[in-house]
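Engineer: predicted structure and sequence below. I'll ask about it afterward.
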Amino acid sequence: MTQSPRNVLVLLLFLVGVCRGQDAPKMTSASTQDATTTRKNLVVELDMRNFDSSIRDGNAWLVEFYAPWCGHCVHFAPTYEAVADALHARHIDGERNVRVGKVDGDAEKAIMSRFSINGFPSFFLLDGWTAYQYEGDRSLNGLVEYATKTYKEMDPIPLMSSPFGPFGQLRAIVLYFGLIILGIFEWLVSKGLSNTIAGILMCSVGISGGLFTIIFVGLMSMSMSKPKVD
């Protein structure tokens, strides 16, 4: 059966309309996904790899310590995202702004140790190396006002007990290496070694490494203190 040019034109227009109708949802979906991703990025997930470098970016940081199993944290999550939205809306280019981050206390125990976290959720305002702990109501207005104004009227955490002080840094280092040692021990046991053999092996490696370090430091000290002959 021979089709007239008019029927062919109608068929082509129909196919073009179908194709455009299929493309439209894809564009809408991508736009929605981009908007959602941008909003979530306002609350930065902080961990051992990016914590110190992030808080040294020249801005103040409002940081929440949370746990995935904490019902209060899960319930407060939408409000915390709204806090990030409100603070981001106040950002001024070239000025010192307040950014928003969160730390998974279950996964980042070394960071949690530095801040001496006793419960979830816990909030801190970090202004350079000065840390303030928020003890007010968990509300949108309370956190926004604290992060932008009232924290300056509060006393910061004393340096000796601050997460950026000597004891805070020491707690983090000790716990960090402790977790590494525990991970190596569990890996050796998973490979078939008994707990006793794995423990003896790790002690032997530790003693050998310590002796090597002492000898190396001693040799370096001797070479640096050796008098020069004119």
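Structural biologist: In hand now; what should we look at? Bear in mind the structure is a predicted one, so any value in this text is a computation, not a measurement. Numbers count the residues shown, from 1 in each chain.
Engineer: once you drop chain neighbours, what's closest to the most centrally placed residue in the chain?
Structural biologist: Residue closest to the mean C-alpha point of the chain, counted by C-alpha atoms, centre = their mean, is residue 46 at 0.7 Å. If the residues on either side of it in the chain are set aside, residue 46 comes closest to residue 101, at 4.5 Å by C-beta to C-beta, 6 or more residues apart in numbering. No exception for glycine: its C-beta is placed from N, CA and C like everyone else's.
Engineer: what helix or strand is that neighbour on?
Structural biologist: Assigned by DSSP states H and E, residue 101 belongs to strand 98-104.
Engineer: can I get that strand as PDB, trimmed to CA atoms?
Structural biologist: What follows is strand 98-104 as a C-alpha-only set of coordinates in PDB (Å, rounded to 0.1, in the frame of the first residue of the first chain):
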ATOM      1  CA  VAL A  98      30.200  29.600  58.600                       C
ATOM      2  CA  ARG A  99      30.300  26.200  56.900                       C
ATOM      3  CA  VAL A 100      28.500  23.100  58.200                       C
ATOM      4  CA  GLY A 101      30.000  19.700  58.600                       C
ATOM      5  CA  LYS A 102      29.300  16.400  60.400                       C
ATOM      6  CA  VAL A 103      31.400  13.500  61.700                       C
ATOM      7  CA  ASP A 104      30.300   9.900  62.000                       C
END
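Engineer: how about the strands of this protein, start to end?
Structural biologist: For the chain, the strands defined by DSSP state E cover 43-46, 60-66, 98-104, 122-127, 130-134.
Engineer: next, count neighbours for residue 215.
Structural biologist: Applying other C-beta atoms under 10 Å, we find 10 residues neighbouring residue 215.
Engineer: I meant to write residue 71 there.
Structural biologist: 9.
Engineer: against residue 134, how distant is it?
Structural biologist: Residue 71 sits 20 Å away from residue 134 when distances are taken as C-beta to C-beta, to the nearest Å.
Engineer: re the thing from before, could I get the strands of the chain as TSV with mean pLDDT?
Structural biologist: Shown next, in TSV, are these (pLDDT from 0 to 100):
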stretch	mean pLDDT
strand 43-46	95
strand 60-66	96
strand 98-104	96
strand 122-127	95
strand 130-134	94
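Engineer: need the winner for burial among these.
Structural biologist: Across the strands of the chain, averaging neighbours per residue (mean count of other C-beta atoms under 10 Å) puts strand 60-66 on top, at a mean of 23.
Engineer: from the contact counts, what lies against that strand?
Structural biologist: On a contact count with 3 or more C-beta pairs under 8 Å, 6 or more residues apart in numbering; DSSP states H and E, strand 60-66 meets helix 51-55, helix 71-89, strand 98-104, strand 122-127, helix 140-148.
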